[in-house]
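Enquirer: Quick one, what's the 3D model for this:
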Amino acid sequence: MKTTGFFSKMMGLLLFLFAVVSFAQTTIKVTYYTGSTQNYTIENSGKLYFSGSNLLVKTASSASDISIPTGIIRKITFSSAILATQEIGINKDQIRLYPNPSAEFIRITSDKKESLKVKIYSAEGRLVLSGNYQPNEDINISSFKEGFYLVQVNNTTLKLIKK
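Expert: Purely as a prediction, here's the structure:
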């Protein structure tokens with residue numbers, strides 16, 4: 001089992017979760033190698049984090065940590081509400097990204113007709129694409145790895161899922 005790859009994926013997912021968790025409750029589903037699953041609802045004041053080789057789940061600020069050894073975790077998935085298009089922060093220009101999820105390209109629309117400054121960051125925080133695009137212009141994401149991305153358009157941040 002590749003622990004380093006698993007740990008990197010988990011950290012990426014957790015970074016993404018931290019960007020979103022402050023806005024709403026989040027339900028995560030932990031699937032174990034035994035095939036069993038466990039659901040956790042994380043409140044606004046809760047958190048997920050690693051300590052040593054354990055994933056710690058704190059469902060609320062007043063709750064005790066739940067410690068799960070990473071070696072028994074097969075995967076972690078987030079509720080469908082997290083996977084939907086959701087804007088992070090204020091979106092005064094009505095900037096929208098579609099299709100989402102996407103495999104080949106995305107388009108960004110805006111109430112303003114001027115050029116859009118676009119930066120796309122991986123879940124690890126790496127800048128993977130930067131440029132100026134016109135509204136509704138195709139942005140090729142076919143070379144991106146599957147996963148979560150944050151798309152910064154002018155001063156608005158959107159989530160993107162690359163499939």
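Enquirer: Show me the domain layout of the chain.
Expert: As given by automatic domain parsing, the domain ranges for the chain are 3-82, 85-162.
Enquirer: Adding mean neighbour count and mean pLDDT, write the ones you listed out as a markdown table.
Expert: For the C-beta atoms, the positions are set from N, CA and C on the backbone; glycine is no exception. Shown next, in a markdown table, are those (neighbours: other CB atoms under 10 Å; pLDDT from 0 to 100):
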| stretch | mean neighbour count | mean pLDDT |
| --- | --- | --- |
| domain 3-82 | 14 | 74 |
| domain 85-162 | 15 | 87 |
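Enquirer: Settle this for me: T77 is touching T37, isn't it.
Expert: No - counting by CB atoms under 8 Å, T77 stays clear of T37, with 9.1 Å between them.
Enquirer: So for the two, which residues contact both of them?
Expert: 29, 31 (CB atoms under 8 Å, 6 or more residues apart in numbering).
Enquirer: G71 - nearest residue in space that isn't next to it in sequence?
Expert: S53 (6.7 Å; CB to CB, 6 or more residues apart in numbering).
Enquirer: what does Y149 give?
Expert: That would be L160: by CB to CB, 6+ apart, it lies 4.3 Å from Y149.
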